[in-house]
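# Would you be able to build a 3D model of this:
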Amino acid sequence: MTMLALAAVLLIGTTACSKKAEQGQNSIANTSFMHLHGLGYSADGKRLFIPVHNGLQVYADGSWSEGPGEKHDYMGFTAVDDGFYSSGHPAPGSKYKNPLGLVKSTNDGKTVSVLALEGEVDLHGMTAGYRSHTLYVVNPEPNSKMKQAGLFYSKDEGKTWTNSPATGLQGQMTAIAAHPSDASIATVGTTTGVYLSRDYGQTFTPLFPEQPVTALTFTDSGNVLVATSGPDASLLEINIESKQPLTIQTPSKDTITYVVQNPANPNELAIATEPKNVYLSTDRGTTWIQIADIGKTINRK
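This next block holds a predicted model:
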């Protein structure tokens with residue numbers, strides 16, 4: 001299996017479509033979304049963060065604003081209950097070395113703390129347990145902490161890393177997600193389906209096979225939200241115990257690249273699509289509003 005930088009892998013396909021999404025009042029965005037590197041909510045669920053090429057864009061109360069702090073090019077962005085972890089490249093003129101390695105912010109990006117690997121590696125493929133804070137990364141090359149490329153995990157915010165053989169994975173990796181509270185559980189999406197590990201990535205078994213995966217995340221209850229591509233593309237919620245999928249309606253036929261659940265409201269979902277459009281649903285997919293649209297001007301507070 002080829003360990004690819006997850007953010008660089010976008011599969012050509014479609015997603016299941018419901019009725020056309022409405023456009024939220026004072027909400028349409030996007031000339032600055034030249035790149036879109038993730039989605040994540042604040043712990044109180046009031047702010048949706050989108051890491052772009054130059055810092056964070058923040059959606060709250062129906063409008064967009066620029067996030068505080070330096071305009072780092074965040075990669076591998078993942079929100080947790082006390083902030084976010086990320087990697088990427090420092091803003092022009094920043095004191096940090098390029099690449100950032102592993103960084104964390106607990107104040108919405110106003111400041112970041114370097115945890116490990118500064119100047120050594122850009123971790124595009126990264127996730128963290130929302131409450132466990134266990135990190136899983138797809139390491140692209142040997143460095144001072146990880147002596148080979150491959151899947152690794154850390155339970156101490158990057159001080160030490162353990163290699164995971166990832167036995168059982170098939171296809172090329174496209175997405176990765178960590179269980180919110182059980183540090184040993186992780187899922188990986190590939191070009192052949194969704195795979196589940198209960199032993200820190202040592203071994204994987206098929207959870208939802210035979211469909212290419214473009215995005216996935218865990219819900220707060222421990223189910224997995226999965227976006228697939230291809231002729232039968234869909235957005236699914238899968239129970240990891242029964243393996244039963246539930247289809248969630250989506251607002252567009254475009255490939256979904258990121259999906260996230262609001263930690264304070266389980267019925268609120270946000271998705272980003274390949275054209276860099278962003279949609280929000282407060283009723284678990286029954287209706288959607290479009291809050292970011294490629295080619296439009298950002299409406300700010």
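# Tell me where the model's unsure across the protein.
1-34, 294-301 (pLDDT under 70).
# For the chain, which residue occupies the most central location?
With distances taken as C-alpha atoms, centre = their mean, the chain has residue 38 as the residue nearest its mean C-alpha position (4.8 Å).
# how much space between it and residue 231?
Relative to residue 231, residue 38 is positioned 27 Å away (C-beta to C-beta, to the nearest Å). Placement of C-beta: from N, CA and C, glycine included.
# do the same with residue 36
From residue 36 to residue 231 the distance is 25 Å (C-beta to C-beta).
# Between these two, point out the one with more neighbours.
residue 36 (24 against 7; other C-beta atoms under 10 Å).
# Could you give the number of residues near the residue lying closest to the more buried one once chain neighbours are set aside?
In this structure, residue 36 finds its nearest non-sequential neighbour in residue 276, 4.9 Å apart by C-beta to C-beta, 6 or more residues apart in numbering. If you count neighbours by other C-beta under 10 Å, residue 276 ends up with 20.
# before we move on, what SS does residue 276 have?
Recorded secondary structure, residue 276: coil (DSSP: H, G, I helix; E, B strand; the rest coil).
# any idea how far residue 200 is from the nearest residue to residue 264 once chain neighbours are set aside?
Counting by C-beta to C-beta, 6+ apart, residue 264 lies nearest to residue 45, which is 2.8 Å off, once chain neighbours are set aside. According to C-beta to C-beta, residue 45 stands 29 Å off from residue 200.
# likewise residue 226?
21 Å.
# Give me the more crowded residue out of these two.
residue 226 (28 against 19).
# Look up which helix or strand the more buried one falls in, please.
Per DSSP states H and E: residue 226 is located in strand 224-228.
# Also residue 148?
Going by DSSP H and E, residue 148 is not in any helix or strand.
# Please report how far it lies from residue 210.
30 Å.
# and what of residue 58?
In terms of C-beta to C-beta, residue 58 sits 38 Å off from residue 210.
# Which one of these two is surrounded by more residues?
residue 58 (20 against 10).
# was I right about that one contacting residue 65?
Yes. Counting by C-beta atoms under 8 Å, residue 58 touches residue 65, with 5.1 Å between them.
# Now do the strands in the stretch 1-150 of the chain.
22-23, 40-41, 48-52, 55-60, 63-66, 73-80, 83-89, 102-105, 113-116, 125-128, 135-139, 150-154 (DSSP state E, counting those that start in this stretch).
# Can you tell me the closest non-neighbouring residue to residue 286?
Nearest to residue 286 is residue 249, by C-beta to C-beta, 6+ apart, at 6.7 Å.
# The one you found contacts residue 285, correct?
Yes. Using C-beta under 8 Å, residue 249 makes contact with residue 285 at a distance of 4.6 Å.
# So if I had to pick from those two, which one is more boxed in?
residue 285 (21 against 17).
# Without its sequence neighbours, what residue ends up closest to that one?
Closest to residue 285 by C-beta to C-beta, 6+ apart is residue 248, at 3.9 Å.
# Can you give me the distance of the closest residue to residue 273 other than its chain neighbours to residue 67?
Excluding its sequence neighbours, the residue lying closest to residue 273 (C-beta to C-beta, 6+ apart) is residue 254, at 3.8 Å. Distance of residue 254 to residue 67, given as C-beta to C-beta: 25 Å.
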